[in-house]
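**Student:** here are the coordinates; sequence isn't available:
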């Protein structure tokens with residue numbers, strides 16, 4: 001079983017966890033330079049239950065796709081518009097082009113829709129706005145546009 005090692009991307013504030021007062025630009029209140037200050041007593045949810053995609057599917061994701069190395073956290077098991085999708089959460093404002101290309105290739109080889117976001121320039125100041133992008137089958141894109149018609153969801157395949 002794969003271990004996080006020194007990766008603490010999920011604790012650095014790129015994911016949201018209201019109970020830990022954590023959001024993009026604001027790390028978990030319990031994060032310290034060596035990891036988690038309350039690790040033995042950390043909460044069940046989200047800390048003990050969360051497993052990023054890099055931990056879940058080691059047969060597909062090599063060491064370079066570990067979140068702290070590639071600049072993105074892969075979330076699995078997050079359906080959208082009735083489809084199982086992979087979601088990339090950037091470490092910082094956006095996913096790097098190199099990382100995005102790697103995940104696009106993997107998602108395409110698995111016939112898995114892929115979604116990712118780019119945050120506003122001032123996300124660290126509390127600006128929660130972002131753009132969501134998606135790639136997938138025509139059926140997925142059509143369903144996604146229907147479900148999220150009031151949001152900015154961009155189909156990069158067209």
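**Tutor:** That came in fine, so what should we check first? Predicted, not measured: the structure shown is a model, and the values here were computed from it.
**Student:** So what touches the helix or strand hosting residue 87?
**Tutor:** Take DSSP states H and E as the rule and residue 87 turns out to sit in strand 86-90. Contact with strand 86-90 is made by 14-15, 53, 71-76, 78, 80, 95, 99-100, 103, 107, 112-119, as judged by C-beta atoms under 8 Å, 6 or more residues apart in numbering. (Each C-beta comes from the backbone N, C-alpha and C, glycine too.)
**Student:** what do you get if the cut-off is 6 Å, keeping everything else the same?
**Tutor:** 14, 72-75, 78, 95, 103, 107, 112, 114-116 (C-beta atoms under 6 Å, 6 or more residues apart in numbering).
**Student:** Do you know the pLDDT at the closest residue to residue 70 other than its chain neighbours?
**Tutor:** Closest residue in space to residue 70, ignoring its immediate chain neighbours: residue 99 at 4.4 Å, by C-beta to C-beta, 6 or more residues apart in numbering. Per-residue pLDDT puts residue 99 at 97.
**Student:** for the chain, which spans come out with low pLDDT?
**Tutor:** For the chain, the stretches flagged by pLDDT under 70 are 122-128, 146-158.
**Student:** just checking, what's the longest helix in it?
**Tutor:** helix 97-109 (DSSP state H).
**Student:** What strands flank the strand holding residue 87, and is each parallel or antiparallel?
**Tutor:** strand 72-75 (antiparallel), strand 114-119 (parallel) (DSSP bridges).
**Student:** on that earlier part again, so what's the residue count around the residue nearest to residue 70?
**Tutor:** By other C-beta atoms under 10 Å, 22 other residues sit near residue 99.
**Student:** I'd say it and residue 74 touch.
**Tutor:** No. With contact taken as C-beta atoms under 6 Å, residue 99 and residue 74 are classed as non-touching, separated by 9.8 Å.
**Student:** buried set for stretch 30-38?
**Tutor:** 30-31 (16 or more other C-beta atoms under 10 Å).
**Student:** same thing with stretch 134-150?
**Tutor:** In stretch 134-150, counting by 16+ other C-beta under 10 Å, buried: 134-136, 140-141, 143-144.
**Student:** Now intersect these with the strands, please.
**Tutor:** Here DSSP state E is the test, and the buried residues of stretch 134-150 give 134-135 as lying in strands.
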